[in-house]
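> Can you look at this prediction? I've put the sequence above it.
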Amino acid sequence: MERVEALVDVAAIGANVRTLRGRLAPGAAFAGVVKADGYGHGALTAARAAQAAGADWLAVVSAREARTLRDAGIAGPLLVMGALTPDELDLALGAAADVVAWTPEFLEAAARPRPDAPPARVHVKLDTGMGRLGTRDPDLATALVRRAVADDRVHAVGLMTHFATADEEGDRFMDEQLARYRAWAEPLKAVHPGLVRHVANSAATLRDPATHLDLVRCGIAIYGMDPANRDPERHGLVPALALRSVVAAVKPCARGESAGYGRRFVAERDTVLATVPIGYGDGWRRGLTNQAEVLIGGRRFAQVGTVSMDNVTVDLGPDGGGVTVGDPVTLLGADGGERILAETVAAALGTINYEVTCGLLPRATRRTVGAAT
């Protein structure tokens, strides 16, 4: 193995897609969200696994993400959900991707004829409470839909919004957003039944079938992580990424001796330390200083001392735990009967599981295991 490997289980992604699709309300299609390099898992790996498991659509945020998928031979409906500059709009449409509009100016730019490109496929976005992209004005959103329907230079495809609190269980703001969305979208759907209504992210998909409508957009859950940052097992989801390194050195550390920058660890007893060659240069955050555990040989050991760019240290205890140079080290994933979840690491960092896997850097080599099914 290499010094740091992120092992991506293709079969797990497929299993998660099938689990989520099995929960959909009748008639709802499924979009696998593979933005941010597939949430750190590899966009192409995730896209192929999701499609093999029955994903009807794929979704990304940037035009370049869409172009990368197309250049790799990924076909099928593809939605670019993010804001686009004029050059990025050309790139997205050149990749035969759908785009999202919420201003007359953007819609007009999308309608501009482009050589060798079909009419732009547009989804209009109403901001029902997220407060970021989209228009808060339902009348303007309606006017944009009607204009797109009437303009043969564009093709009106979808009506969308984005929930702000779907992952906060017990919160009712999602219901308010859904009501605002329905008040806007249902009259348009009645007149134009071909329009695709979509509002649900992973959290909403798992939380309430009323949000499924015509299409759901699932991201974090297809990678086997819990949108509410609890245990993915409760939803039948299987984590798809394991982060592993290797023991590079084992040495005694006497009481009073230290390890790492700033002497953030000073031994309170004679012990043995292992050095593991992973650090924030690989995306293992410095905030995990004295805050994480690793698995070696199916046993838990505390990570101690400052996380540096290239190394961390692990306290093996006075007897050394039977650990030797070359032993595999699991920082995320399972080893024996033990496991470390992205949700656990996120809690130690005071963040969310999304950031744990998205934050893994290119120096952590991605390697696929399993097979798409």
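Sure thing, it's come through.
> residue contacts, the nearest residue to Gly370 once chain neighbours are set aside?
In space, and not counting its chain neighbours, Gly370 is closest to Ala11: 3.5 Å by C-beta to C-beta, 6 or more residues apart in numbering. C-beta here means a position set from N, CA and C on the backbone, and glycine is covered the same way. Going by C-beta atoms under 8 Å, 6 or more residues apart in numbering, Ala11 touches Ala49, Gly370, Ala371, Ala372, Thr373.
> Could you count how many residues lie near the third one?
Yep, that's Ala371 we're talking about. Ala371 is flanked by 11 other residues according to other C-beta atoms under 10 Å.
> was I right about it contacting Val10?
Yes. Judged on C-beta atoms under 8 Å, Ala371 makes contact with Val10 at a distance of 6.0 Å.
> and the residue nearest to Ala228 when sequence neighbours are not counted, what pLDDT?
In space, and not counting its chain neighbours, Ala228 is closest to Asp167: 5.0 Å by C-beta to C-beta, 6+ apart. Looking at Asp167, its pLDDT stands at 96.
> hang on, Asp167 in a helix?
No. Counting by DSSP: H, G, I helix; E, B strand; the rest coil, one finds Asp167 to be coil, located in no helix.
> and it, what are its phi and psi?
Asp167 adopts backbone torsions of phi -90, psi 0, taken as degrees, to the nearest 10.
> pretty sure it is touching Arg230, no?
No. In this structure, Asp167 is not within contact of Arg230 by C-beta under 8 Å, at 9.9 Å.
> Show me which of those two is the more surrounded one.
Set Asp167 next to Arg230 and count neighbours by other C-beta under 10 Å: Asp167 wins out with 22 against 16.
> List the buried residues in stretch 315-330.
Asp315, Leu316, Gly317, Gly321, Val323, Val329, Thr330 (16 or more other C-beta atoms under 10 Å).
> can you tell me which residues contact Ala228?
By C-beta under 8 Å, 6+ apart, the neighbours of Ala228 are Asp167, Glu168, Glu169, Ala203.
> Shouldn't the last one be within a strand?
What it means is Ala203. No. Applying three-state DSSP, one finds Ala203 to be helix, outside a strand.
> where does the closest residue to Leu213 other than its chain neighbours land on pLDDT?
Using C-beta to C-beta, 6+ apart and skipping residues adjacent in sequence, the residue nearest Leu213 is Arg197, 4.1 Å away. Predicted confidence (pLDDT) for Arg197: 98.
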